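K.L.:
Quick check, what structure comes out for this input:
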Amino acid sequence: MQTTAAIEQTILNNIRQLPPEKQQEVLDFTEALRKKLAPKNKLSMRQIAKLPLAQRHQYLAQYIPATAQDFRNDPELTEFSVLDTADWDIGYE
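P.N.:
Numbering: from 1, shown residues only. Have a look, this model is predicted:
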């Protein structure tokens, strides 16, 4: 049986030999598989916060790729503006 790294490399080599439209089909297929395997019972934020740290990290790890993709591509998430210092002036000086 091949290791995960060997399987990944074989898949990559095969995909690179496909035309772009077939690569897109492979991508669509793998995303559909991933969604099928996603946990059916999504936890609420409170439930996630109550998990032990290791379990919390394990649960949230599945969402990291999509979140990273959003931050790379969504202009509303990649635009940062400098806050005016007056916004922070509460009068507790």
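
K.L.:
Just give the number of residues close to L77.
P.N.:
Neighbour count for L77, taken as other CB atoms under 10 Å: 11. For every residue, glycine as well, the C-beta is placed using N, CA and C.

K.L.:
nope, T3 is what I meant
P.N.:
Applying the criterion other CB under 10 Å, we find 8 residues in the vicinity of T3.

K.L.:
How about L18?
P.N.:
As a measure of burial, L18 has 12 neighbours, counting by other CB under 10 Å.

K.L.:
give the contact list for it.
P.N.:
Taking CB atoms under 8 Å, 6 or more residues apart in numbering as the criterion, L18 is in contact with V26.

K.L.:
Quick check, central residue of this protein?
P.N.:
A centroid search over the chain (CA atoms, centre = their mean) returns P65, at 2.0 Å, as the residue closest to the centre.

K.L.:
Could you export the helix or strand containing that one as PDB, CA atoms only?
P.N.:
Remark: P65 resides in helix 64-73, with elements defined by DSSP states H and E. What follows is helix 64-73 as a C-alpha-only set of coordinates in PDB (Å, rounded to 0.1, in the frame of the first residue of the first chain):
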ATOM      1  CA  ILE A  64      -8.900  26.300   7.400                       C
ATOM      2  CA  PRO A  65      -8.500  25.700   3.600                       C
ATOM      3  CA  ALA A  66     -11.800  27.400   2.700                       C
ATOM      4  CA  THR A  67     -11.200  30.200   5.100                       C
ATOM      5  CA  ALA A  68      -7.700  30.800   3.700                       C
ATOM      6  CA  GLN A  69      -9.100  30.800   0.200                       C
ATOM      7  CA  ASP A  70     -11.700  33.400   1.300                       C
ATOM      8  CA  PHE A  71      -9.000  35.600   2.700                       C
ATOM      9  CA  ARG A  72      -6.900  35.300  -0.500                       C
ATOM     10  CA  ASN A  73      -9.800  36.100  -2.800                       C
END
